[in-house]
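> Sequence first, then the predicted structure:
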Protein chains: 4
Amino acid sequence: MVGYSFMGKAHTQAYRDVSYYFDTPATPVLKAIAGRNEDKVKDAAEKLGFESYETDWRKLIERDDIDVVDIVTPNLSHAEIAIAAAKAGKHVICEKPLAMSVNEAQAMLKAVEEAGVIHMISHNYRFAPAVQYAKQLIAEGKLGKIHHFRGVYLQDWLLDPKAPIAWRMKKEMSGYGTHGDIAAHSIDLARFLVGEINEVAGLLKTFVHERPLEGSPDKMETVDVDDASAFIAQFDNGAMGVFEASRFAGGNRNGNRFEINGEKGSIKWDLENLNNLHVYFDDDAPGQQGFRLINCTEAEHPYAGAYWPSGHILGYEHTFINLIHDLIESVANGKNPTPNFKDGVQNQKVLEAVAEASEKKSWVSIES
Amino acid sequence: MVGYSFMGKAHTQAYRDVSYYFDTPATPVLKAIAGRNEDKVKDAAEKLGFESYETDWRKLIERDDIDVVDIVTPNLSHAEIAIAAAKAGKHVICEKPLAMSVNEAQAMLKAVEEAGVIHMISHNYRFAPAVQYAKQLIAEGKLGKIHHFRGVYLQDWLLDPKAPIAWRMKKEMSGYGTHGDIAAHSIDLARFLVGEINEVAGLLKTFVHERPLEGSPDKMETVDVDDASAFIAQFDNGAMGVFEASRFAGGNRNGNRFEINGEKGSIKWDLENLNNLHVYFDDDAPGQQGFRLINCTEAEHPYAGAYWPSGHILGYEHTFINLIHDLIESVANGKNPTPNFKDGVQNQKVLEAVAEASEKKSWVSIES
Amino acid sequence: MVGYSFMGKAHTQAYRDVSYYFDTPATPVLKAIAGRNEDKVKDAAEKLGFESYETDWRKLIERDDIDVVDIVTPNLSHAEIAIAAAKAGKHVICEKPLAMSVNEAQAMLKAVEEAGVIHMISHNYRFAPAVQYAKQLIAEGKLGKIHHFRGVYLQDWLLDPKAPIAWRMKKEMSGYGTHGDIAAHSIDLARFLVGEINEVAGLLKTFVHERPLEGSPDKMETVDVDDASAFIAQFDNGAMGVFEASRFAGGNRNGNRFEINGEKGSIKWDLENLNNLHVYFDDDAPGQQGFRLINCTEAEHPYAGAYWPSGHILGYEHTFINLIHDLIESVANGKNPTPNFKDGVQNQKVLEAVAEASEKKSWVSIES
Amino acid sequence: MVGYSFMGKAHTQAYRDVSYYFDTPATPVLKAIAGRNEDKVKDAAEKLGFESYETDWRKLIERDDIDVVDIVTPNLSHAEIAIAAAKAGKHVICEKPLAMSVNEAQAMLKAVEEAGVIHMISHNYRFAPAVQYAKQLIAEGKLGKIHHFRGVYLQDWLLDPKAPIAWRMKKEMSGYGTHGDIAAHSIDLARFLVGEINEVAGLLKTFVHERPLEGSPDKMETVDVDDASAFIAQFDNGAMGVFEASRFAGGNRNGNRFEINGEKGSIKWDLENLNNLHVYFDDDAPGQQGFRLINCTEAEHPYAGAYWPSGHILGYEHTFINLIHDLIESVANGKNPTPNFKDGVQNQKVLEAVAEASEKKSWVSIES
């Protein structure tokens, strides 16, 4: 693993527990973690349970005892590490967004494909059983042709204008602000559930243009990324989409929500109650039609059977356990999982097109 | 009243009951109703309780015993009737959208202003006590500066591609489809609660291009208006808005919902549970923060005190009773109510700008 | 009408509007209202729209122009008025609970049956379309054999120990406190939906034993009725019931809620969102099972078709309009409506058995 | 660990992960698991990650490398194992209900106290951060004096009368049916949050009296325990309680819900959305009062800070991780955790009093 902090903790937890719940073809071993600051990485290795640590990620990817490299660093360094890891013949899993730009993302995809390694992008919310079940219902035609996707991802941790600046608010580190961080998740859900987006009009907006440095309330730094993004989209299959992401939506700690309306039914989901799927079937008997509140903890719901009996809910971390399950299956089978770097490239194209549309004040097309 | 059917029934009910609940300065008398088909208008007069009827609305506006003309006809005829009524010195209340175009709407505004009559547009959803209370909280600064408005108005009565065509799907009768019919309500709520919109990018979309005539399933007619509309907006005060309206959103019978996020708090509302307001205050104690579910049936909630004790909910029709209350107060006081034709004009500008933006594939500015 | 205030206003509203919404065989005329205080009753007559008033209810029931007597006085006087009205050949509708005791209630039933007049008890919550639809589903066997009824009726207007005393807290005026006032509604819903109760164990409890007189905060009066009641019940059909009512349940303004579980499905309802019925069908496909949120505003839902299109919700007052609709039909047809005085007697038996069980600390049987 | 299956898996998961999330004074090592069937226990040891296994629990408690014995067997054997383990000087954690009877439970308590070992009972639902925060609010007086506790625990896995019999439906194995299995959880929550119960009236009911043997649909066995239980309770502090538990409540997979009403506020919680706490404060400003939906995933909420950022929800298993955290702290500190065998005894007294009250058809007192 390269990097630690929030995503490092989440991924590691998944490696720890995946073979407890699932009958995996292999059991992950936490060989090594890399980070530049020796004290911090040593501490992380101990806390997270890695056998060893490196202060240079290049050393880590040279090691013979490493099969999979998991990249959880800030966006700035995804490409360099992923490309080097692929060249070293390591399978690669990378946090989202894949890169700083479409060009970078494409270079990463090229590298993993040329190296013939397994590659995955860590869009974990796909892996909530309720979302997987939504996918299954759509694939089975239970919703019919899709007309609408509307997805919001609302957070509120920047609502306070005095909240300190962080790498996620610096363009050179993150590429985008809210847009790349969380709109990217909504885009992934839309692509997973509805299909490819071919055209967008949008708006990236910054509400607070300066923020203090952490610990130095008087030293202000410029916020050069978006605080919120919104866009309208056309899908290849004729559906229309409406997207919005913000870190200024008070009362929404982690409000990743979507609704899908098809000609035969509708679906609603909300990350803050991630076990619940609301499903409407238009062919239910008249008078008895309404959204069903399905607690997706049953044997019929993908991945859910590996855990607890019906009604015993899962949490945030299980999305990662399910994702890592698929990664391990893929490494064992030699078949690439989804979402992978192709998804990362396509996601990046949508992100970039929205940013361009916001700047040009016009619609922008996207190629698949 | 000119016209009958759904809106005629709703407005009439309000005239019947307004003085039962409120201590109004005058009590409405249902003098006459106009419609072209004598059998139908006669029947409507009887059913709704009008004293008389006319088969030509021109006769109705000539009558001395008429003080207020209420226009509930299809959009096509709003302008002609309203202008004539104003010229005849009648106060005018008109259904939304005000007109077929901005030009027409402006002519209507000019007419009522020149005639010096009271004018009102029937955006009834403003008048839900919960919405009025939202307005009050915003006006008092309880939400601080507003960052976000997101409004959807979702219905599903056109989901079936075999549902017959109606005047609301004919451009010459209605101007727009879903856009003018229900996006107009979201626009009104946004203008009421947040302020003026000055720029939009949007999309009008038709999913089903032909529908059968009522009663003749084999005779198809062209649908030449939108089935759904979506747009992103910039407000004068720096807020951003995201809007969507559809008649293809299965499971949403009348899903007029909005969320507002300000720097100090947030609000959520949903017409299908119109008594409930969800309010988040960012200065609630840490650990105790969360959306409050307020049942707006208490003395503190505008208009609610006129009805029942706390917890005894109101329905759809009470929005009209409250609206008509304001109309009667205005007629008695000689002070124009809101929303009025000025609001109608501004709303029409937004509708038109979105349609233009959809066609031009670019952002379009709006003047206030 | 004998009496005014809250229930007087609600009943009168129903008489005013019933023939606007429904095609009734007769149209109610508000002939006269009776009350002891001339100033107050005169004012009430004017406000509510009665043609005349009487200061002695005996005069009112002597009048030839009165067909139906509606009793909305405190419980103490229900029996005397109802019996006299029946003897005078008037049809009678009476507020709940029917009487101060089972004996009184039975005397009332005897009087109306001997007089051959139509009689009704005003348990209005049965008349919410969602409740009527619940009844229909149960009658059609959609829930199978019923196992469980759980009903709470929670209010909070006495939470403040300094809230003044009122007639509803004086045994000589009301018979019971919370128990007769609102547990009676839950009992009616249980009897309507599940069937007769034949045995109960229960508890009546008073939290605040003294309250000030209205306007005299220092003058304390004894509360000699219950503040809350709870009981467990056995139904004739083998179901079990759990009931609770309180005026001390903070945050519940008017929380009349029930849940029913049968061998094939379940139902949940809540008065504060009275249009919504939550229905679970156990034969829905595995993985797709869950409570459906049905907005009971559709043509398929009893009474709802008389009002507005789907998704345009009704309020508290419409339960009375529907009830009065049935009363008028009954008066016209000469067939007694439900709920009537027989239901009132049976309800009173359950109330009384619970009070006895609470005092004796044992189960008490009830005869049907 | 003695026993495996559902609870074995849940407890083991907690031992695996507790030191990943928390900075525990010791790290659990999964030394050995005991079960009678060698094939099964061997398989369980491998799957769950125990270092070794025993086919006789007596051998397990003799081993020097065992510090804590965790009992997850059917209720029948809790007492024997716990008493033996205590005598062997092992700390003991036992699944609920503690025993088959109050006598047995008291013997267990005596044994652990005499041995001076740490003891705990596995009422895990107390350990949801939302429940712990509810406790904190009550302890701080934020709800004032408590008037009401109402708790239901509704499941539906026995709704099908053909569902096979299991040990949980055999009196000799489990003591009670639904009552001991899940009403016991509601009792624990009530005791934790409100206080001791001193008197009950109740009903234990069996809906289906015979069920087939697993795999032999024609071979019927008698169900000699309750399918549902309900009771009314008096608390020492003057509050009243209403409890209900059932395995016949269709649509409720794991519906462990409670509501508490105090003189200053109210609380609602539901296990199927266990991160959410609904809190009402009666001193919120008039017009702004309503239940707050608090997502208890913040640093202020007990235990939650050990996991993820705000809004990233926890699941069922985290209640066990938190419980095991307290167990480890206790073993390290030598101070007994709660809930412990004293709580188990008191819980058993309530269970037994309800069963007696149901049989005697009267109220039954309980000593603390």
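Arrived safely, thanks for sending. No experiment lies behind these values; they were computed from the predicted model shown. Residues are numbered from 1 along each chain as shown, chains lettered A, B, ... in the order given.
> distance of the closest residue to A:Asn237 other than its chain neighbours from chain D?
Residue nearest to A:Asn237 in three dimensions, not counting chain neighbours: A:Gly195, with 4.9 Å by Cβ to Cβ, 6 or more residues apart in numbering or on different chains. (Each C-beta comes from the backbone N, C-alpha and C, glycine too.) For A:Gly195, the distance to chain D (Cβ to the nearest Cβ, to the nearest Å) stands at 28 Å.
> Just the pLDDT for A:Gly195.
Turning to A:Gly195, the model gives it a pLDDT of 98.
> tell me the contacts of it?
Residues in contact with A:Gly195, defined by Cβ atoms under 8 Å, 6 or more residues apart in numbering or on different chains, are A:146, A:235-237, A:239.
> Just send those residues back as TSV, with secondary structure too.
TSV is the format used below for these (DSSP: H, G, I helix; E, B strand; the rest coil):
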residue	secondary structure
A:Ile146	strand
A:Phe235	strand
A:Asp236	coil
A:Asn237	coil
A:Ala239	coil
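> now, the most widely separated pair of these?
For the contacts of A:Gly195, the maximum inter-member distance is 10.9 Å, found between A:Ile146 and A:Asp236 (Cβ to Cβ).
> neighbour count winner among the two?
With other Cβ atoms under 10 Å in any protein chain shown as the criterion, A:Ile146 and A:Asp236 differ in neighbour count, and A:Ile146 comes out ahead with 23 against 13.
> Surely that one and A:Met240 touch.
No: using Cβ atoms under 8 Å, A:Ile146 is not in contact with A:Met240; the gap is 9.5 Å.
> Any figure for the gap between A:Lys268 and chain B?
Per Cβ to the nearest Cβ, A:Lys268 is found 8 Å from chain B.
> Run the contact check for the one helix or strand that residue maps to versus chain D.
Take DSSP states H and E as the rule and A:Lys268 turns out to sit in strand A:265-270. No: using Cβ under 8 Å from any Cβ of the partner chain as the criterion, no contacts between strand A:265-270 and chain D are found, and the smallest distance is 10.5 Å.
> now whatever helix or strand comes next after that strand, how far from the centre of its chain.
Using DSSP H and E, the next helix or strand after strand A:265-270 towards the C-terminus is strand A:276-281. Distance, stretch centre to chain centre, for strand A:276-281: 23 Å (Cα atoms, centre = their mean, to the nearest Å).
> Strand A:276-281 - which strands sit beside it in the sheet, and in what orientation?
strand A:265-270 (antiparallel), strand A:291-295 (antiparallel) (DSSP bridges).
> so how far is the shortest one from its chain's centroid?
Between the mean C-alpha point of strand A:291-295 and the mean C-alpha point of its chain there is a distance of 25 Å (Cα atoms, centre = their mean).
> just the first one next, same as before
With Cα atoms, centre = their mean as the basis, strand A:265-270 stands 19 Å off its chain's centre.
> Equivalent analysis for stretch A:326-342, please.
Relative to the chain's own centre, stretch A:326-342 is displaced by 16 Å; criterion: Cα atoms, centre = their mean.
> any idea how far A:Ser186 lies from A:Phe258?
With distances taken as Cβ to Cβ, to the nearest Å, A:Ser186 is found 7 Å from A:Phe258.
> list residues touching both of the two?
Common contacts of A:Ser186 and A:Phe258, defined by Cβ under 8 Å, 6+ apart, comprise A:151-152.
> ok now stretch A:97-104, how far from the chain's centre?
Its chain's C-alpha centre and that of stretch A:97-104 lie 14 Å apart, by Cα atoms, centre = their mean.
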